[in-house]
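Q: Sequence and predicted structure are below.
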Amino acid sequence: MHDIPLAVLFGILFLLLALSAFFSSSETGLMSLNRYRLRHLVKNNHRGAIRASQLLEQPDKLIGLILLGNNFINILASSIATIIALRLGGEAAIAIGAGILTFVLLIFSEVAPKTVAALYPEKIAFPAAFVYAPLLKILYPIVWLINILANSLLKLSGIKLKQKNTEHLSTEELRTVVNEAGALIPKSHQKMLLSILDLEKVTVEDIMIPRNEIIGIDLNDEWGQIVEQLQHSQHTRVPVFRDDINQVVGFIHARNVLHLLAQDQFSMDALLEAVREAYFVPETTPLNTQLLKFQQQERRIGLVVDEYGDILGLVTLEDILEEIVGEFTSEAATTIKDVHPQENGSFLIDGSANIRDLNRVMKWSLSATGPKTFNGLITEHLESIPEPGISVKISGYPIEIVQTQGNTVKTARIFPKDRTLTEEDQT
């Protein structure tokens, strides 16, 4: 070593520092790779991604190889720096050389390379993978021995080496990924993806058409009235019942009715023959489950029933799809027939209005965890049937009862959130 020129020693030291920077940056780059993007690139036959993926399948061997190389390089660099210090300033310069080397290693071989690798992992990891693949084969016996010793020590410490795969995303984690996608996914698509994730939190009871709003054919009506109702029906599939919806017979498709009417072959027997058996849906069924059941049963409409078998309402495939993509008509997406704006900034709301529809269209934040209708929200909060003129604040919204009918709130007035009602408002 004493015969080697100082210029050569400095050259060797510089090369060792560069190699140390390579090992440090490649370690950070490989470990910072987005695993889902990596899988995508592997499917597209990206050579660097394939090599990197193969290395990451055995992380213990990869880390063992990187640390073996990095520590060997750093120790060798320390030895070279010691020789240079001795030749330049004697034994007194060894401590100074160690301090300078530590600073240089920290800045140029650790912090700077690892920062670059964390910012651009693919640009560092993929080229490094072509170096590590053959290097691992050459040094496999040493790496294997290191892993055996390290794993034995971990086992003695009670650490389990085989953990369950934690790379799968939960629903909430996937929601975060979609929200943070930014410009990569259009806003409209983000909303649809988030709506799909929300389907499991919403039940058919939340979106069903209440039984009092179901329009159907009563077989006990006069024949002329039945024919006229079918001819002017605004719905493709119409429920058929006797006296009451709980005595449902089934559903009839308007297309079949019009075909029979056109051929003057329509009769009660023909009507009953065209009726398809009713399909019933439990009220607590999540929308994602019901969507699959509609597909499996080849159905587009079902009657929602409670635990006693009583019919609560009606749900359609279109209702579920609207939860994903929004209303199918621009008018429905911005207005609700049960909401009537007033000049003083308030809104008159029909008691039968659906809470979720009000929140979605009007951008309100009324509680939707309990009752499904505006009337139900008010009566539950007051724990009684209110008289007209009664005022109450629910979820920060001042509400005035305008009209009641029987045991329900027919109409109520709602004001902007956190506003205080005045005598002028109530008149």
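A: Okay, I see it.
Q: How is the chain divided into domains?
A: 6-156, 169-201, 206-321, 330-426 (automatic domain parsing).
Q: How about the second one, which residues are buried there?
A: Residues of domain 169-201 classed as buried: Val178, Ile185, Gln190, Met192, Leu193, Ser195, Ile196, Leu199 (neighbour count, 16 or more other CB atoms under 10 Å). Where C-beta positions appear, they are placed from N, C-alpha and C, glycine not excepted.
Q: which among these gets closest to Leu312?
A: If you rank the buried residues of domain 169-201 by distance to Leu312 using CB to CB, Leu199 comes first, at 19.6 Å.
Q: Please report how far that closest one lies from Lys155.
A: Between Leu199 and Lys155 the distance is 44 Å, computed by CB to CB, to the nearest Å.
Q: now do Tyr279
A: In this structure, Tyr279 lies at 57 Å from Lys155, with CB to CB as the measure.
Q: With neighbour numbers in mind, choose between the two.
A: When neighbours are counted by other CB atoms under 10 Å, Tyr279 comes out ahead of the other of Tyr279 and Lys155, with 17 against 11.
Q: which residues does the more buried one contact?
A: Phe251, Gln297, Arg299, Ile301, Gly302, Leu303 (CB atoms under 8 Å, 6 or more residues apart in numbering).
Q: same thing but at 10 Å, please
A: With contact set as CB atoms under 10 Å, 6 or more residues apart in numbering, Tyr279 has these partners: Gly250, Phe251, Lys293, Phe294, Gln297, Glu298, Arg299, Arg300, Ile301, Gly302, Leu303, Val315.
Q: Farthest-apart pair in the residues you listed, please.
A: For those, the farthest-apart pair by CB to CB is Gly250 and Lys293; their separation is 17.7 Å.
Q: Can you show me the strands along this protein?
A: Taking DSSP state E as the test, the strands found in the chain are 209-210, 217-218, 237-242, 244-253, 276-277, 280-282, 301-305, 311-316, 339-341, 347-350, 391-394, 397-405, 408-414.
Q: export these to TSV and tack on distance to Leu382, mean neighbour count and mean pLDDT?
A: Rendered in TSV, the data for the strands of the chain read as follows (distance: least, CB to CB, whole Å; neighbours: other CB atoms under 10 Å; pLDDT from 0 to 100):
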stretch	distance to Leu382	mean neighbour count	mean pLDDT
strand 209-210	21	16	88
strand 217-218	35	20	92
strand 237-242	34	19	92
strand 244-253	29	17	91
strand 276-277	42	12	92
strand 280-282	30	18	95
strand 301-305	27	22	95
strand 311-316	23	22	93
strand 339-341	21	14	89
strand 347-350	16	19	92
strand 391-394	6	15	91
strand 397-405	9	18	92
strand 408-414	9	21	92
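Q: So which of the ones you listed is nearest Leu136?
A: For Leu136, the closest of these is strand 280-282, at 56.6 Å, according to CB to CB.
Q: hmm, who's touching that closest one?
A: 203-205, 208, 248, 289-290, 293-294, 299, 301-307, 309, 311-315.
Q: could you redo the last one with a cut-off of 7 Å?
A: Val204, Gln290, Gly302, Leu303, Val304, Val305, Val315 (CB atoms under 7 Å, 6 or more residues apart in numbering).
Q: what ranges of the protein fall below the confidence cut-off?
A: Applying pLDDT under 70 to the chain picks out residues 1-2, 161-167, 327-336, 418-427.
Q: Of all residues in it, which one is nearest the centre?
A: By CA atoms, centre = their mean, the chain has its centre lying nearest to Arg175, at 2.9 Å.
Q: Against Gly309, how distant is the closest residue to that one other than its chain neighbours?
A: Of all residues beyond its chain neighbours, the one nearest Arg175 is Leu197 (5.5 Å), with distances taken as CB to CB, 6 or more residues apart in numbering. Taken as CB to CB, the spacing of Leu197 relative to Gly309 amounts to 32 Å.
Q: ditto for Gly224
A: Distance, Gly224 to Gly309, by CB to CB: 33 Å.
Q: rewinding a little: and which of the buried residues of domain 169-201 is nearest to Arg242?
A: Within the buried residues of domain 169-201, proximity to Arg242 (CB to CB) peaks at Leu199, which comes in at 34.6 Å.
Q: How about the contacts made by that closest one?
A: Neighbour list for Leu199: Pro286, Leu287, Asn288, Leu291, Glu323 [criterion: CB under 7 Å, 6+ apart].
Q: Would you reformat these as CSV and include neighbour count and distance to Ile50?
A: Output for the contacts of Leu199, formatted as CSV (neighbours: other CB atoms under 10 Å; distance: CB to CB, whole Å):
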residue, neighbour count, distance to Ile50
Pro286, 15, 40
Leu287, 24, 40
Asn288, 17, 35
Leu291, 18, 37
Glu323, 20, 41
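Q: Quickly name whichever of these is closest to Ile146.
A: The shortest distance between Ile146 and any of these, using CB to CB, involves Asn288 and amounts to 48.3 Å.
Q: Hmm, Asp198 and the closest one touching each other?
A: No - using CB atoms under 7 Å as the test, Asn288 is too far from Asp198 to be in contact (9.1 Å).
Q: how long is stretch 263-270 end to end?
A: End-to-end span of stretch 263-270 (CA to CA, to the nearest Å): 12 Å.
Q: What lies in contact with it?
A: Outside stretch 263-270, the residues that touch it by CB under 7 Å, 6+ apart are Trp223, Val227, Leu260.
Q: What is the longest helix seen in the chain packed up against?
A: When every helix of the chain is counted residue by residue (DSSP state H), the longest turns out to be helix 59-89. Helix 59-89 is packed against helix 6-32, helix 93-104, helix 121-138, helix 140-156, with contacts defined by 3 or more CB pairs under 7 Å, 6 or more residues apart in numbering; DSSP states H and E.
Q: Quick one: closest of those helices to Arg413.
A: Taking CB to CB as the measure, those were each checked against Arg413, and helix 6-32 came out nearest at 56.9 Å.
Q: Report all helices and strands that the closest one contacts.
A: When contacts are defined as 3+ CB pairs under 7 Å, 6+ apart, helix 6-32 packs onto helix 47-56, helix 59-89, helix 112-119, helix 121-138.
Q: now that helix, how far from the centre of its chain.
A: Mean-position distance between helix 6-32 and its chain equals 43 Å (CA atoms, centre = their mean, to the nearest Å).
Q: Ok, stretch 226-242 next?
A: Stretch 226-242 has its C-alpha centroid displaced from the chain centroid by 40 Å (CA atoms, centre = their mean).
Q: Can you dump the C-alpha atoms of that stretch in PDB for me?
A: Once non-C-alpha atoms are left out, stretch 226-242 reads as follows in PDB (Å, rounded to 0.1, in the frame of the first residue of the first chain):
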ATOM      1  CA  ILE A 226    -107.400  -1.300 -15.900                       C
ATOM      2  CA  VAL A 227    -107.000  -1.000 -19.700                       C
ATOM      3  CA  GLU A 228    -106.800   2.800 -19.500                       C
ATOM      4  CA  GLN A 229    -104.300   2.700 -16.700                       C
ATOM      5  CA  LEU A 230    -102.000   0.300 -18.700                       C
ATOM      6  CA  GLN A 231    -102.300   2.400 -21.800                       C
ATOM      7  CA  HIS A 232    -101.200   5.500 -20.000                       C
ATOM      8  CA  SER A 233     -98.700   4.000 -17.700                       C
ATOM      9  CA  GLN A 234     -95.400   5.900 -17.500                       C
ATOM     10  CA  HIS A 235     -93.500   2.800 -16.200                       C
ATOM     11  CA  THR A 236     -92.300  -0.200 -18.200                       C
ATOM     12  CA  ARG A 237     -92.900  -2.800 -15.400                       C
ATOM     13  CA  VAL A 238     -96.100  -2.400 -13.400                       C
ATOM     14  CA  PRO A 239     -97.000  -4.400 -10.200                       C
ATOM     15  CA  VAL A 240    -100.300  -6.200 -10.200                       C
ATOM     16  CA  PHE A 241    -102.200  -6.900  -7.000                       C
ATOM     17  CA  ARG A 242    -105.700  -7.400  -5.500                       C
END
